[in-house]
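In: Starting from these lines, generate the structure:
(one chain, ligands or ions: 1)
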Amino acid sequence: MESLIGRRIGVLDDGFVEVVDCMGDDAAIVQAARVSYGEGTKRVTEDRGLIRYLMRHRHTTPFEMCEIKLHVRTTMDCWRQWIRHRTANVNEHSTRYSVAIDSAQRTAPGQWRLQSKDNRQGSEGSLSAERGEHFSGREAEIIASTRQVYDERLAAGIAREQARKDLPLSTYTEAYWKIDLHNLLHFLELRMEPHAQYEIRQYAEAIGFQIVSQWVPLTWEAFLDYRLGAMSLSRTEIGLLSLLHAGRGVEAVEEMQVAGWLQREGDICKPSREAREFAAKLQRLGLSPPWQT
Ligand SMILES: Cc1cc2nc3c(=O)[nH]c(=O)nc-3n(C[C@H](O)[C@H](O)[C@H](O)COP(=O)(O)OP(=O)(O)OC[C@H]3O[C@@H](n4cnc5c(N)ncnc54)[C@H](O)[C@@H]3O)c2cc1C
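Out: As a prediction, the model looks like this:
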């Protein structure tokens with residue numbers, strides 16, 4: 001971990017994550033857990049087993065023995081999502097006190113994502129680079145003109161707290177962000193997930209794969225197994241899976257119709273959002289949704 005302190009990991013076009021300080025490691029988690037479980041597990045393999053047990057059973061407090069302080073630079077719109085995680089201690093660059101950072105995130109012509117048809121909060125596919133060229137050009141104009149107006153206001157003596165009001169959300173901000181490992185893993189679980197917005201996912205992946213994996217490797221491995229790479233099944237889904245396993249796919253489809261998961265329109269079954277989420281889980285298990293077979 002020593003080697004990570006002070007190293008900047010670049011994210012997006014001008015953002016970064018940098019470890020300022022950290023406390024604890026896998027051993028500190030094990031040590032704290034032994035207070036409740038007693039002495040006796042000394043070898044690395046036993047430490048690994050204990051950490052995996054804690055993660056599996058959501059015995060979370062030993063993970064709170066580790067803390068990390070990051071210096072982050074991210075866009076204001078990304079920060080708006082980030083700051084929703086209330087369990088961190090934060091101190092952000094003040095644009096009342098200081099001049100706003102003169103940098104805004106730019107989108108390359110091939111990076112304009114299209115609105116998802118299924119998920120109102122998501123995106124899928126992207127605009128062709130040819131069409132994106134226009135929007136990247138317009139973006140550059142907005143960034144330049146809003147900054148020019150901002151600088152003009154400052155030059156005229158207008159207060160920084162008011163001059164900033166028209167800066168775009170793509171403007172970078174910086175903060176110190178301190179959080180314990182338990183709450184950091186919660187953040188990573190939510191923000192590394194494919195439904196999280198692409199931009200914040202880039203930060204979460206940088207923190208997860210490049211920092212946490214090296215800081216607490218045993219915890220990271222357990223997190224990938226039991227949290228990030230795991231999936232939960234509802235009671236209904238378990239019932240449907242049992243029916244599928246028993247070769248009773250027709251009954252499963254009937255149950256899904258009763259539950260409102262499937263709407264029959266002529267010969268076609270239209271799956272609800274929950275049914276599509278179940279289909280994605282089935283796909284991970286190598287199974288086809290019963291209404292498609
Ligand atoms: C894909 C995605 C889409 C989202 N969409 C929206 C949206 O459309 N609109 C929107 O407003 N937000 C949205 N959010 C933000 C989301 O609702 C949460 O606010 C955010 O993810 C922080 O989660 P959290 O509260 O669990 O985390 P934290 O604030 O870090 O809290 C961690 C845990 O501590 C506990 N906790 C913390 N504070 C309290 C409290 N005051 N009372 C009780 N328990 C507490 C809870 O158990 C909580 O899970 C979205 C998040 C994601 C990941």
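
In: neighbours of residue 55, just the number please.
Out: 24 (other Cβ atoms under 10 Å). Every C-beta, even on glycine, is put in place using the N, C-alpha and C of the backbone.

In: For it, list the residues it contacts.
Out: Going by Cβ atoms under 8 Å, 6 or more residues apart in numbering, residue 55 touches 219, 222-223, 225-227.

In: Of the residues you listed, which are in range of the ligand?
Out: Applying Cβ under 6 Å from any ligand atom to these, one finds that nothing falls near the ligand.

In: Between the residues you listed, which sits nearest the ligand?
Out: residue 227 (13.4 Å; Cβ to the nearest ligand atom).

In: Now that we have the contacts of residue 55, which of them are buried?
Out: 219, 222-223, 226-227 (16 or more other Cβ atoms under 10 Å).

In: Is it possible to get CSV of the residues you listed that adds pLDDT and secondary structure?
Out: As requested, these are exported to CSV (pLDDT from 0 to 100; DSSP: H, G, I helix; E, B strand; the rest coil):
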residue, pLDDT, secondary structure
219, 98, helix
222, 98, helix
223, 98, helix
226, 98, helix
227, 97, helix
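
In: In JSON lines, list those along with distance to residue 76.
Out: As requested, the buried ones among the contacts of residue 55 are exported to JSON lines (distance: Cβ to Cβ, whole Å):
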{"residue": "219", "distance to residue 76": "31"}
{"residue": "222", "distance to residue 76": "34"}
{"residue": "223", "distance to residue 76": "29"}
{"residue": "226", "distance to residue 76": "34"}
{"residue": "227", "distance to residue 76": "29"}
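
In: tell me which element residue 244 is part of?
Out: helix 235-245 (DSSP states H and E).

In: Can you mark which positions in that helix are buried?
Out: Buried, per 16+ other Cβ under 10 Å, within helix 235-245: 237, 240-241, 243-244.
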